[in-house]
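Participant: Using only what follows, build the 3D model:
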Amino acid sequence: MTAGQPVVSQDRLTALDGLRGAMAYWVLLGHVFGQTGMHWVPVLASPKYAVNGFMLLSGFLMTWHYVKRASKEPWTSWRTWCAFYVRRFLRISPLYYLLLIPTYLLLGKYRIWHGVRAQDPGLFVPLSWQHVLSHITYVYGMLPRYCASLPIPDWSISLEMQFYLAFPFLMLLVLRFGWPVFCILSGLIWYVAGLPGLGLTQAFDQPSLLFLSLIWFAIGMVWAGRYALDHKPHIPSILMGFLLVFFSRDLHDIILVIALGFVLFVGDVPVIGKVAALCRRALSCRLAEFMADASYSVYLVHLLILRPLAYYLLTSTRLTPNQRGIVALALTTTGSYLFAVLLRPVESWGISVGRKLAKTISGSVPIVEPHASISQPAVEQAPA
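Facilitator: Have a look, this model is predicted:
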């Protein structure tokens, strides 16, 4: 790949594979830092930035494929909406539901291993049928009481489901009013939702309500809208995305979005174009592809391994925080990626069933849609 080549190569957004895999590992690394007290690089101890990046990639790739399929799956058709929802539900749910079983069975143990920590009060919400039902139906992310009530970071899974539910409506909004109006409305909704007087940010332990995270999806969506049509960067769309991130007023978020834009869009420019091309090449290697394929499993399973391990290291050893962190990082990394390999058939089954049902619903040959944020490769080739 040369500096002048676009990220899109043979209809595969290969660089996004590496970005997604790297961000999944950033989440793991941040939780290791937080659980063991190891703080080598402060920003890496804040996995929320990686999750924001996941949301951006989700918005980008959902829009990319929605635009690319428009000739076969019109945006205004109910069949398109149903096929989209079926693909999304079956891509997310099989693995998530499977991991809910050990999570609930060991919930009492995880509360002990976790300890009474003020920053995670939701984990100690009493177990009830409402608790379980809210997670089976994915509505827990919209309920302050349940949004962070399990020892896995599944708040963002509910957030993804909310985005999928809203996505066809958002695309119709774009179709009717255009991308500038969409960006203005998204920014205003996100800003108002975060106002202290409204109380949403205080009520939710995590920004699991779509209104509280909307700009990250919106940035990805506006970036992809014209890019999917032209296969080349569209400067006004890129600038609209950059303007949206300034709503956050968080320097780390701004740097993250600039870095993602750099990887996605910088082409044949002296010096920095070569750097961008090298980044894309690194993010498209075999290791990056493996980490991307494993990212959804790693994201969901790593805290199930880390929490008891960190508890043991803290209570039964005399290791320093850095020593605890190194041991926990090595064992959690190994265990998480091993489980990802073992659980891959569950994900593949969901993809296959979703593909077949979507084909039946839409009546067209499906282009396999990715779960961009956490759960699958950036682009999966459609079967012959």
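
Participant: Which parts of the stretch 101-250 of the chain are strands?
Facilitator: Assigned by DSSP state E, counting those that start in this stretch, the stretch 101-250 of the chain shows no strands.

Participant: and the residue lying closest to residue 134 once chain neighbours are set aside, what does it touch?
Facilitator: Spatial nearest neighbour of residue 134, excluding adjacent residues (CB to CB, 6 or more residues apart in numbering): residue 140 at 3.9 Å. For the C-beta atoms, the positions are set from N, CA and C on the backbone; glycine is no exception. By CB atoms under 8 Å, 6 or more residues apart in numbering, the contact list for residue 140 reads 134, 146, 147, 149, 154, 155, 158, 208.

Participant: So the second one is in contact with residue 134, correct?
Facilitator: Yes. Counting by CB atoms under 8 Å, residue 146 sits close enough to residue 134 to count as a contact (4.7 Å).

Participant: And these two? Which one has more around it.
Facilitator: residue 146 (23 against 20; other CB atoms under 10 Å).

Participant: Distance-wise, check residue 148 relative to residue 154.
Facilitator: Residue 148 sits 9 Å away from residue 154, taking CB to CB, to the nearest Å as the criterion.

Participant: ditto for residue 190
Facilitator: Going from residue 190 to residue 154 by CB to CB gives 22 Å.

Participant: These two - which one has more neighbours?
Facilitator: residue 154 (26 against 22).

Participant: correct me, but that one touches residue 300?
Facilitator: Yes. Counting by CB under 8 Å, residue 300 is a contact partner of residue 154 at 6.9 Å.

Participant: Report the set of residues contacting both of the two.
Facilitator: By the contact definition CB under 8 Å, 6+ apart, residue 154 and residue 300 are jointly contacted by residue 96.

Participant: OK, contacts around residue 33?
Facilitator: 39, 40, 44, 45, 325 are the contacts of residue 33 under CB under 8 Å, 6+ apart.

Participant: Grab the nearest non-local neighbour of the fourth one.
Facilitator: When you say that, I think you mean residue 45. Residue 45 sits nearest to residue 33 (CB to CB, 6+ apart), 3.9 Å away.

Participant: How about the last one?
Facilitator: If the residues on either side of it in the chain are set aside, residue 325 comes closest to residue 38, at 2.7 Å by CB to CB, 6+ apart.

Participant: how about low-confidence regions in the stretch 101-250 of the chain?
Facilitator: Where the stretch 101-250 of the chain drops to pLDDT under 70, the residues are 115-122.

Participant: Do you have the helices of it handy? List them.
Facilitator: Remark: helices assigned in the stretch 101-250 of the chain by DSSP state H, counting those that start in this stretch are 107-114, 129-136, 155-177, 179-193, 200-203, 210-230, 235-245.

Participant: Looking at those, which is nearest to residue 331?
Facilitator: Residue 331 lies closest, by CB to CB, to one member of those: helix 107-114, at 14.6 Å.

Participant: Show me what counts as buried in the closest one.
Facilitator: Buried residues in helix 107-114, counting neighbours by 16 or more other CB atoms under 10 Å, are found at 107, 110, 113, 114.

Participant: Help me confirm that residue 353 comes into contact with residue 90.
Facilitator: Yes. Contact criterion CB under 8 Å: residue 353 and residue 90 qualify, at 5.4 Å.
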